[in-house]
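In: Pasting the sequence and the predicted coordinates here, then a few questions.
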Amino acid sequence: MFFYDLDAVATKKYAGGTGEPNDPYQIATADDLMLLGDTPEDYNKHFILTDEIDLDPNLLGRKVFDKAVIAPGTNEPDLWLRVTSFNGVFDGNGFTISNLNCKSEKADYTGLFGHIINGTIKDLRLVNANIDAGTGNYVGSLVGMNIDGTISGCSVQGGSVTGGKYVSGLVGYNAGLITDSYSNTSILGKIVVGGLVGENSQLWIREGGTISNCYSTGTVSGKGFVGGLVGQNGAWIVGVGEMLAFEGQIDNCYSTCNVTGSVMIGGLVGFNEFGFITQCYSNGIVSGNEQVGGLIGKNNARVTVCFWDVETSELTLSASGIGKTTAEMQTVGTFISWGACGPFWTIDEGRNYPHLAWENVPGEFITGSTYGGGKGTAQDPYLIHSAEELNMLGLSFCDWDKHFKLMANIDLSDYQYSEALIAQGRWYEDTPFEGVFDGNGHTISHLTIVGEDNLGLFGYLGSGAEVRNLGVLDVNIVGSDIFVGALAGYSKGNLIRCYSSGTVSGVGSVGGMVGTSWESINQCHSSCIVTGGDGTGGLVGSNTRGNIADSYSTGEVSGDRSIGGLVGRNSGIIIHCYSADKVSGNWTIGGLVGYNSGGSITDSLWDKQRSGQYDMCGSQSPEASGCSNASGKTTDEMQMVSTFLEAGWDFVDETANGTEDIWWILEGQDYPRLTWELIDGKSGVLAENLPSGQ
C-alpha cells in the first residue's frame with residue numbers, strides 16, 4: 001500500500017523548492033519559466049535557475065511571445081502605477097536562457113521581465129534574445145522597466161532589440177541599480193535608445209538610477225537621445241508648478257558600440273540631462289546630424305574624468321569628456337587617477353583599452369593616483385611638488401578625503417580651466433573636498449578659470465575640510481554664475497593662514513577668497529580685485545553663519561547690491577577684522593559689510609577714506625548687531641597701533657589684549673599685518689611666502 005502526501009503533491013510547483021529565501025523555487029525547464037510568467041501571485045517569491053533553458057520557438061512547447069515572459073505590461077498609460085510587477089528574487093545561478101523571441105506590433109514593457117519594482121535579478125545570461133516590440137516603449141532584452149530593483153552580474157549576448165521609446169540591450173528604463181553587467185546586441189529604436197539602458201534616472205521621489213561597473217558593445221541606432229551605453233541620463237520633468245530634477249548616476253562604465261542617429265548622439269550617452277558620469281570611456285564610431293559627441297551628445301550636468309577615442313569614434317568634439325588618441329587610450333597614464341577609487345579596472349598597456357576587473361581580461365590593475373610621495377594620512381600626507389601632481393589631485397575624487405602637503409611653489413600659467421581645479425561640483429550635488437590641504441608656506445600662482453559656478457582652486461570644500469598655510473596668487477577667475485572665489489567657490493570647511501591676490505568676478509556670492517563660507521576663516525587676507533552682482537566682498541561674498549576672525553582685505557570691490565569691503569552678505573560672526581578696499585556699487589553698500597542679515601560684527605574696522613564709504617554696513621536686519629559707523633577710520637588712523645589696541649586686538653609686544661601676538665604693524669607706513677606674514681615676526685619685512693605654520 002502506498003501513501004501520498006496529497007498536500008505536497010497539490011502545492012508542488014516548478015522543479016522544486018518552496019519560494020522562500022532559503023529554499024527558492026527551482027526553474028529547470030522552459031515550462032517552469034513560462035509557468036512563472038503565468039503565476040503573478042508568485043512574483044514576490046524567490047527563484048533559482050538550475051539548468052540551461054532554450055526558448056527556441058521551433059522546439060516543442062515553445063513559442064514566439066507577444067509580450068514579456070514574466071510580469072508583462074499592457075499599452076495603458078501610467079501602467080507602472082497599476083501593473084503587477086515582479087518584486088521577488090530571480091537568481092540565474094550562472095545559467096543561460098537562450099533564443100527568447102518576442103514580437104508584436106506594439107508591446108510596452110517588453111523583455112524577459114516586463115516590469116520589476118524592488119525586485120532582484122542576478123547572475124543571469126541571455127543569449128540570442130530577439131525582442132521586437134514594434135512601436136512599443138520600455139523595451140530591453142532582460143527588463144522593460146526597472147523601478148528600485150537590483151540587476152547584477154547579468155548579460156545579453158547576441159540577438160537584437162527593436163522598439164519605440166526607452167529601448168536598449170539590457171533595460172529599457174532604469175530607476176534602480178545595475179551593476180557588473182553587459183550587453184552585446186543590435187539595437188534599433190526611435191528616441192531614448194542606449195546600448196545598455198535607454199533612460200537612467202530616478203522616478204519621482206524614489207531612489208535609483210545608478211549604473212556601475214558595466215559595459216556595452218554592438219550597434220545602437222535611433223533618431224534622438226541615442227548613446228552607446230545610455231540614451232538619456234537623468235531628467236528634468238515639469239511637475240505641478242515646478243521643474244523636478246531626477247538624477248542619474250553612471251560610474252566605471254564603457255561602451256564600444258557603434259552609434260548612429262540624428263540629434264543628441266554620443267559614444268557613451270546621448271543626453272546627460274541631470275546626471276553624473278564618472279570614470280567612463282567610449283571608443284565606438286559615432287555619427288549623427290546635430291549635437292553629436294564622441295562621448296556625450298549634449299551635456300547639462302557633471303562629467304568627471306571621462307574619455308573617448310578621437311580616432312576610432314571619428315569625432316574630435318564632445319559636449320563633455322576628454323578626447324584621446326588610440327595610443328593614449330591604451331596607456332595606463334591616461335587613467336591613473338581611476339585607481340584612486342579602488343581596483344575596478346585593468347589594462348594591457350599598449351595592446352588594449354581598460355577593462356573592468358570582473359571581466360578577467362589579461363592586464364595589470366590600474367592602481368592609485370601618483371603624487372610626489374606619501375600615503376595620504378595625517379602622519380604621512382600625499383606630497384605635491386608640481387602642476388601635474390596638483391592636476392592629478394583635481395582628477396582623483398576618491399582622494400578628496402585625504403591629507404596633502406604642498407612641497408614647492410606651483411605656477412599654473414600653462415593651464416586654463418573651465419571649472420574649479422579640485423572638487424569641481426556644485427554644493428548640492430557632488431563630491432566635496434573633505435580632506436586637509438597644507439600649503440606648507442608655498443603658493444599656487446596664475447590660476448585661470450573661465451566658467452560658470454562654484455569656481456576657485458576648490459569648487460566645494462565640505463564639512464571637515466581644512467586648507468592652511470597657502471597663498472593663491474595672481475588668479476584670474478571669471479564666473480558667469482554664483483559662488484566664485486580665488487581659493488574656494490563654496491566652503492563648509494576651515495581656512496587658516498591663507499591669502500589671495502588677482503582678479504575675481506561672478507554674478508552672486510563672489511569673494512576675493514571665498515564665494516560663500518559656512519564655517520571658519522581665521523588669519524587670512526585678500527588683495528583681489530573683486531567684481532560681482534549680489535553679495536560681493538573683498539574677502540567673502542556671503543558669510544552664511546560662518547565665523548571670520550583676525551582677517552582683512554585690501555583690494556577693490558565693486559558690484560550691484562550687498563557690496564562690502566570685507567563681506568558682501570553676513571549672517572555669521574565677524575571679529576577683529578578690517579578692510580581697506582575701494583568699494584563701489586548700486587545698492588546696500590558698506591565699507592566693511594554690504595548687508596548684515598542676522599549676523600554680528602565685533603571690534604572690526606574699515607578705512608572710510610580709501611573705501612569711499614562712510615557706513616560700516618549698507619543695511620542691517622533687526623536681529624543683526626555690530627554695524628557701528630564709529631568704527632570707520634581715516635587712513636592715518638588705520639595705520640596707528642592705538643586704533644586697534646583700543647578695539648582689543650592682540651599685537652606683538654603687548655599683553656593687555658592677549659599673548660598670541662596675532663598682529664603687527666609698521667606704524668605710520670602700513671595697515672596691520674598678521675605676524676605669520678613677517679620673516680621673523682618683528683623685522684617689518686614681509687615674507688615672500690607663508691611660513692610652514694605654527
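Out: Okay, I see it.

In: Look at Cys398 and give its secondary structure.
Out: Secondary structure for Cys398, judged by DSSP: H, G, I helix; E, B strand; the rest coil, is helix.

In: isn't it right up against Gly368?
Out: No. Counting by Cβ atoms under 8 Å, Cys398 does not reach Gly368; the two are 9.0 Å apart. Every residue, glycine included, has its C-beta placed from N, CA and C.

In: quick one, which of those two is more surrounded?
Out: The residue with more neighbours, out of Cys398 and Gly368, is Gly368; 20 against 17, by other Cβ atoms under 10 Å.

In: in the longest strand along the chain, what counts as buried?
Out: Identified as the longest strand of the chain according to DSSP state E is strand 466-479. Buried residues in strand 466-479, counting neighbours by 16 or more other Cβ atoms under 10 Å, are found at 466-475, 477, 479.

In: one step back: got any residues that touch both of Cys398 and Gly368?
Out: Ala340 (Cβ atoms under 8 Å, 6 or more residues apart in numbering).

In: pLDDT (mean, whole number) over the next helix or strand after the longest strand of the chain?
Out: Later in the chain than strand 466-479, the nearest helix or strand by DSSP states H and E is strand 482-485. Averaged across strand 482-485, the pLDDT comes to 97.

In: just stretch 100-116 next, same as before
Out: Computed over stretch 100-116, the average pLDDT equals 96.

In: Convert it to PDB, retaining C-alpha atoms only.
Out: C-alpha atoms of stretch 100-116 as PDB (Å, rounded to 0.1, in the frame of the first residue of the first chain):
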ATOM      1  CA  LEU A 100      14.000  34.200 -26.400                       C
ATOM      2  CA  ASN A 101      11.800  35.600 -29.200                       C
ATOM      3  CA  CYS A 102       9.200  38.400 -28.600                       C
ATOM      4  CA  LYS A 103       7.300  40.000 -31.500                       C
ATOM      5  CA  SER A 104       4.400  42.500 -31.500                       C
ATOM      6  CA  GLU A 105       3.200  45.500 -33.400                       C
ATOM      7  CA  LYS A 106       3.100  47.400 -30.200                       C
ATOM      8  CA  ALA A 107       4.000  46.000 -26.800                       C
ATOM      9  CA  ASP A 108       5.100  48.200 -23.900                       C
ATOM     10  CA  TYR A 109       7.300  46.900 -21.100                       C
ATOM     11  CA  THR A 110       8.800  44.100 -23.100                       C
ATOM     12  CA  GLY A 111      11.700  41.800 -22.300                       C
ATOM     13  CA  LEU A 112      12.200  38.600 -20.300                       C
ATOM     14  CA  PHE A 113      10.800  40.700 -17.500                       C
ATOM     15  CA  GLY A 114       8.400  43.400 -18.400                       C
ATOM     16  CA  HIS A 115       8.300  45.400 -15.200                       C
ATOM     17  CA  ILE A 116      10.000  45.000 -11.800                       C
END
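
In: Please identify the buried residues of it?
Out: Buried-residue list, stretch 100-116, by 16+ other Cβ under 10 Å: 100-104, 107-116.

In: And this structure, what are its domain boundaries?
Out: 1-96+103-139, 410-620, 639-694 (automatic domain parsing).

In: tell me the most buried of those domains?
Out: Highest mean neighbour count of these: domain 410-620, a mean of 25 (counted as mean count of other Cβ atoms under 10 Å).

In: now the end-to-end length of that domain.
Out: 41 Å (Cα to Cα, to the nearest Å).

In: same deal with stretch 575-582?
Out: Using Cα to Cα, one end of stretch 575-582 lies 21 Å from the other.

In: How far off centre is it?
Out: For stretch 575-582, the separation from the chain centroid amounts to 36 Å (computed by Cα atoms, centre = their mean, to the nearest Å).

In: Stretch 439-448 now?
Out: Counting by Cα atoms, centre = their mean, stretch 439-448 comes out at 25 Å from the chain centroid.

In: Dump that stretch to CSV, keeping only the CA atoms.
Out: Output of stretch 439-448 as CSV, limited to C-alpha atoms (Å, rounded to 0.1, in the frame of the first residue of the first chain):
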residue,chain,number,x,y,z
GLY,A,439,50.2,74.8,1.7
ASN,A,440,53.3,74.4,3.9
GLY,A,441,54.2,78.1,3.3
HIS,A,442,54.1,77.8,-0.5
THR,A,443,52.0,79.4,-3.2
ILE,A,444,49.9,78.4,-6.2
SER,A,445,50.0,81.2,-8.8
HIS,A,446,48.3,82.2,-12.1
LEU,A,447,45.2,80.0,-11.7
THR,A,448,43.0,80.9,-14.6
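
In: Which residues does stretch 260-267 contact?
Out: So stretch 260-267 is in contact with 193, 219-228, 255, 257, 259, 270-271, 282-284, 286-298, 308, 313, 315, 318-319, going by Cβ under 8 Å, 6+ apart.

In: do stretch 442-449 as well
Out: Contacts of stretch 442-449 (Cβ under 8 Å, 6+ apart): 390, 406-413, 415-421, 455-457, 470-479, 486, 502, 689-690.

In: can you give me the helices for the protein?
Out: For the chain, the helices defined by DSSP state H cover 6-11, 30-37, 326-329, 387-395, 608-611, 635-638, 641-645.

In: Can I get the ones you listed in JSON lines including mean pLDDT?
Out: Listed next are the helices of the chain as JSON lines, based on pLDDT from 0 to 100:
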{"stretch": "helix 6-11", "mean pLDDT": "43"}
{"stretch": "helix 30-37", "mean pLDDT": "96"}
{"stretch": "helix 326-329", "mean pLDDT": "98"}
{"stretch": "helix 387-395", "mean pLDDT": "95"}
{"stretch": "helix 608-611", "mean pLDDT": "97"}
{"stretch": "helix 635-638", "mean pLDDT": "98"}
{"stretch": "helix 641-645", "mean pLDDT": "97"}
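
In: can you redo those helices as TSV with distance to Gly538?
Out: Shown next, in TSV, are the helices of the chain (distance: least, Cβ to Cβ, whole Å):
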stretch	distance to Gly538
helix 6-11	79
helix 30-37	69
helix 326-329	43
helix 387-395	26
helix 608-611	9
helix 635-638	14
helix 641-645	18
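
In: For the domains of the chain, give me CSV that also has distance to Ser337.
Out: Listed next are the domains of the chain as CSV, based on distance: least, Cβ to Cβ, whole Å:
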stretch, distance to Ser337
domain 1-96+103-139, 31
domain 410-620, 12
domain 639-694, 28
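
In: middle-most residue in this protein, spatially?
Out: The chain has Asp430 as the residue nearest its centroid, 3.7 Å off, counting by Cα atoms, centre = their mean.

In: Could you pull up the contacting residues of that residue?
Out: So Asp430 contacts 276, 302, 423-424, 460 (Cβ under 8 Å, 6+ apart).

In: So which of those sits lowest on pLDDT?
Out: Arg302 (85).

In: what about the residue lying closest to Ile265 once chain neighbours are set aside, distance to Ile521?
Out: Of all residues not flanking Ile265 in the chain, Gly288 sits nearest, at 3.4 Å (Cβ to Cβ, 6 or more residues apart in numbering). As judged by Cβ to Cβ, to the nearest Å, Gly288 and Ile521 stand 49 Å apart.
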